[in-house]
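S.K.: Predicted model, plus sequence, below.
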Amino acid sequence: QVQLIESGGGLVQAGGSLRLSCAASGRTFRTYTMGWFRQAPGKEREFVATINWTGGSTYYADSVKGRFTISRDNAKNTVYLEMNSLKPEDTAVYYCAADRRTGLRTDDYDYWGQGTQVTVSS
């Protein structure tokens, strides 16, 4: 069982930056693939980025590639999402997720945080 708590969301102007954090409980955090997803109003939850258990492999949605960076610190049981050059279309609730499998779909992840709101003003 893994519990996830996101933080770091907020209101930022277009072109700005935010760093999201996701703190995980449990001593097995380092064995989990971690992912970030987001959900805008009226839209389905979509994949943003994922990182494997070692941190050596990452993958991004095309919409955020080159602007967002996912990383993890297994000693702190935390995964991060550094977001730069933010655009109004990045506005959404951002969720972190964990699973022992690797995947890009919401169905691939069993554990979810409660989400943190990111709002980008134009």
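M.R.: Thanks, I have the structure now.

S.K.: Residue 36 and residue 65: what is the separation?
M.R.: Using C-beta to C-beta, to the nearest Å, residue 36 is found at 13 Å from residue 65. All C-beta atoms are positioned from the backbone trio N, CA, C, and that covers glycine.

S.K.: the more surrounded of these two?
M.R.: Using other C-beta atoms under 10 Å as the criterion, residue 36 and residue 65 rank with residue 36 on top: 26 against 10.

S.K.: what about that one, distance to residue 27?
M.R.: Distance, residue 36 to residue 27, using C-beta to C-beta: 22 Å.

S.K.: Residue 119 now?
M.R.: 35 Å.

S.K.: Pick out whichever of the two has more residues nearby.
M.R.: Neighbours of residue 119 and residue 27, each counted by other C-beta under 10 Å, are more numerous for residue 119; the result is 15 against 7.
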